[in-house]
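My questions concern the predicted model and sequence given below.
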Amino acid sequence: MNLVARRLIRAAEKPPTAWDVAALPHQARRLGTGSLLTVHEEAVSYAFDPPLEALPGDLLELEDGRGVEILAAEEQILEISAQGAALAELAYGAGAAGLAAQIEPEALQLLDSPEARAFCRARGLEPAQLWRPFAPALGAPRRKALAPFVAALGRGPSKSRHLTREEIREAFRLALAGEAQPEALGAMLMLLRYRSEDAAEATGIVEAMRETLAPGWREIGAVVDWPAYAAGASRGLPLFLLSAKLLARAELPVLLHGWTPLLGPTPEAGSRALGIAVAETPEAAQAALAAEGIAFAPLAALNPRFQELMKLREVFGLRSPVNSCLRALNPSGAETSLQGVFHPPYRDLQRDAALLLEQPRFMALKGGGGEFERHPAKAVELYRLEQGAILDEAAPPVWSEKRRLAAEKGGDPADLAALWEGRLEDEFSASVAVGTAALALLAAGAAPDLAAAQARAEALWANRR
């Protein structure tokens with residue numbers, strides 16, 4: 001059951017009882033777009049614009065009128081004993097340092113962190129370490145929210161390092177919640193790109209992104225996740241959409257999702273031309289999968305903040321790790337993940353991240369324009385996972401003539417429908433669609449080997465109408 005919160009009721013206004021409670025750490029009590037789990041493991045989604053700061057005792061009212069009370073979760077804190085002017089001076093110093101602080105009658109409490117410990121050491125203080133519910137004063141500065149992460153990445157050749165999975169997950173939680181200064185976010189993204197993000201960093205980013213998705217996306221019933229995030233400047237029609245339709249005919253429901261900045265033959269435009277439902281909500285995606293076995297979710301429907309991060313390429317002039325991590329997002333939790341890359345080294349990164357994310361079935365390849373799309377006239381290396389086992393192999397060419405995958409840039413999305421319906425005959429385009437579908441069938445475990453996958457894809461194409 002998908003529970004949705006419609007408003008936040010302050011403690012002074014709420015009814016005397018609540019249906020359930022949710023204990024949240026202070027970072028999670030800034031409610032923008034995302035979801036939470038109650039103590040009885042009920043998922044509740046919310047979407048507040050602008051985000052709301054929930055205080056302990058506030059109530060999330062659900063669409064059915066019930067309420068979920070917000071409590072402060074226990075967190076590891078540092079408690080500094082002080083009174084009067086000394087307490088006020090410490091509280092002012094903590095605020096100036098960007099540390100969230102809870103002020104008690106005779107103590108200052110800080111969330112345990114390297115920055116909080118440094119704050120104490122600089123003043124010769126020896127705080128007590130405790131586990132307590134933590135509710136810092138609202139309005140604490142957030143200008144240094146990403147400072148420790150930027151510092152770790154950019155200290156210089158001898159001291160800089162990759163972020164841990166936990167660190168990058170927390171950094172992106174702050175970024176997605178809008179709690180980070182844009183200058184700090186830009187610095188972090190470009191340092192990650194300069195260092196080349198590793199699998200642990202990619203995994204942490206994906207986990208932070210998944211936390212913001214409405215729970216309904218995990219329930220739509222997709223078997224195959226097919227991301228489409230290539231820029232598209234060097235490619236023609238997205239022929240892989242024909243392949244995705246073949247998988248739907250093979251009773252392997254496919255969720256396509258993506259975004260590209262071009263106005264030409266984008267995957268979304270191609271989907272509309274092919275009659276693939278463009279789903280703006282999980283409910284619409286679930287209905288489309290039940291009816292046709294395929295749907296396309298625009299990136300903004302998953303989370304508008306993701307698209308804002310993608311658009312930063314216009315500012316940087318470079319892609320950021322967000323582009324790669326969206327390929328691994330798999331919003332529906334599908335068993336099979338198909339990922340295309342433009343630069344070959346990213347195949348290892350995507351596979352290693354899939355291992356950490358415990359993706360049951362996975363295939364990555366260097367595809368047309370960076371999409372999961374096979375060039376039939378070339379051998380292609382397949383980076384595969386099946387239940388944790390690495391099954392890499394090479395697929396031989398299935399087309400004898402040499403030809404560019406996109407002989408001409410652009411194209412009319414209506415040609416996709418003409419190819420599907422048989423009104424347009426193009427043997428090379430058909431070979432792209434069939435060859436790509438064959439690899440997807442192999443990845444999904446719908447064929448025992450490449451030859452069988454190719455034969456099944458050819459039969460699906462021949463009987464598609």
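Now that the structure is in, tell me what you want to look at.

I'd like to know how many residues surround Arg123.
A count of nearby residues for Arg123, using other CB atoms under 10 Å, gives 11. Bear in mind the C-beta positions are built from the backbone N, C-alpha and C, glycine included.

domain assignment for the chain?
The record's domain parsing of the chain by automatic domain parsing lists 3-72, 74-133, 147-195, 215-462.

Verify the stated contact: Ala447 with Ala459.
No - between Ala447 and Ala459 there is no contact under CB atoms under 8 Å: 11.0 Å.

Please say which of those two ends up with more neighbours.
Ala447 (20 against 13).

Which residue is the nearest non-sequential neighbour of that one?
Computed as CB to CB, 6 or more residues apart in numbering, the closest residue to Ala447 that is not its neighbour in sequence is Ala453, at 3.6 Å.

Please apply the same query to Lys366.
Pro344 (5.3 Å).

quick one: the one you found and Arg351, what's the gap?
12 Å (CB to CB, to the nearest Å).

Tell me which of these two has more neighbours.
Between Pro344 and Arg351, Arg351 has the larger neighbour count (other CB under 10 Å), namely 20 against 12.

Next secondary structure element downstream of whichever strand or helix holds the more buried one?
Assignment of secondary structure by DSSP states H and E places Arg351 within helix 346-356. Next helix or strand after helix 346-356 toward the C-terminus (DSSP H and E): strand 361-366.

packing partners for that following strand?
Judged by 3 or more CB pairs under 8 Å, 6 or more residues apart in numbering; DSSP states H and E, strand 361-366 is in contact with strand 336-341, helix 346-356, strand 380-386, helix 427-443.

for the stretch 151-300 of the chain, what are the low-confidence residue spans?
Applying pLDDT under 70 to the stretch 151-300 of the chain flags the ranges 231-235, 262-264.

thinking Pro261 is in contact with Arg319, fair?
No - contact criterion CB under 8 Å: Pro261 and Arg319 do not qualify, at 11.3 Å.

Determine the residues that are contacts of both of the two.
Both Pro261 and Arg319 are in contact with Arg313, where contact means CB atoms under 8 Å, 6 or more residues apart in numbering.

Run a quick neighbour tally on His208.
Just to correct that, residue 208 is Ala rather than His. Neighbours of Ala208 using other CB under 10 Å come to 20.

element containing it?
Counting by DSSP H and E, the element that carries Ala208 is helix 199-211.

Show me what that helix is packed against.
Checked by 3+ CB pairs under 8 Å, 6+ apart, helix 199-211 has helix 165-176, helix 321-327, helix 346-356 packed alongside it.

helix or strand right after that helix?
Counting by DSSP H and E, what follows helix 199-211 is strand 224-228.

what angle sits between that following strand and helix 427-443?
Per axes from the mean of the first three to the mean of the last three CA atoms, to 10 degrees, the angle that strand 224-228 makes with helix 427-443 is 130 degrees.

quick one, strand 224-228 and strand 361-366 angle?
Using the same axes, to 10 degrees: strand 224-228 against strand 361-366 is 30 degrees.

before we move on, the earlier item: close enough to count as contact, the residue nearest to Lys366 and Ala364?
No - the pair Pro344 / Ala364 is not scored as a contact, 9.9 Å apart, by CB under 8 Å.
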